[in-house]
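**Student:** Sequence first, then the predicted structure, then my questions.
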Amino acid sequence: MTIGEAANVCENSRPGVMTLSEKIHTLSELDKKVCTEVFDRHEGAPVLLFEGYKITTPNDKELLIPDAFSDVYVRRLEAECDYKCADTEMYDNSARLFNSAWESFVSYWTATHKPLGAKKWRL
């Protein structure tokens with residue numbers, strides 16, 4: 001999923017709530033979390049140094065989470081919109097959907113990538 005795709009899906013489901021700049025900031029913060037909490041702790045990380053996204057970052061820039069788990073981005077943006085609108089019930093639902101998507105991605109990554117510093121046991 002690209003920055004533009006995530007922003008457009010969010011705009012279709014929650015029109016006019018967040019500016020493009022706010023969406024890019026939210027996506028940047030989420031990918032920083034992906035790097036520090038997931039990629040930096042496992043071998044085979046696709047990014048060595050993540051510098052974040054800015055309004056000048058091209059909309060066709062690929063986000064870090066594999067497409068099979070791209071709903072993580074959409075759910076995070078929707079939760080941010082609901083929070084911004086002070087819609088507690090919608091935010092609660094959106095946050096649960098985000099947490100579920102996030103946990104699915106993290107479970108997949110930890111199951112398919114060896115942790116850094118993992119040692120082999122000698123028998």
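**Tutor:** Perfect, I can see it now. Residues are numbered from 1 along each chain as shown.
**Student:** Skip the chain neighbours and tell me the closest residue to residue 58.
**Tutor:** residue 3 (7.6 Å; Cβ to Cβ, 6 or more residues apart in numbering). In this view, the C-beta of every residue, glycine as well, is placed from N, C-alpha and C.
**Student:** The one you found contacts residue 27, correct?
**Tutor:** Yes: under the criterion of Cβ atoms under 8 Å, residue 3 makes contact with residue 27 at 6.0 Å.
**Student:** between the two, who's got more neighbours?
**Tutor:** residue 27 (26 against 22; other Cβ atoms under 10 Å).
**Student:** what about that one, helix or strand, and which?
**Tutor:** If you go by DSSP states H and E, residue 27 is part of helix 20-37.
**Student:** show me what contacts residue 36?
**Tutor:** For residue 36, the contact set (Cβ atoms under 8 Å, 6 or more residues apart in numbering) is empty.
**Student:** and the gap between it and residue 64?
**Tutor:** 12 Å (Cβ to Cβ, to the nearest Å).
**Student:** Packing partners of the helix ranked longest in the chain?
**Tutor:** Counting by DSSP state H, the longest helix found in the chain is helix 88-112. Packing partners of helix 88-112 (3 or more Cβ pairs under 8 Å, 6 or more residues apart in numbering; DSSP states H and E): helix 71-84.
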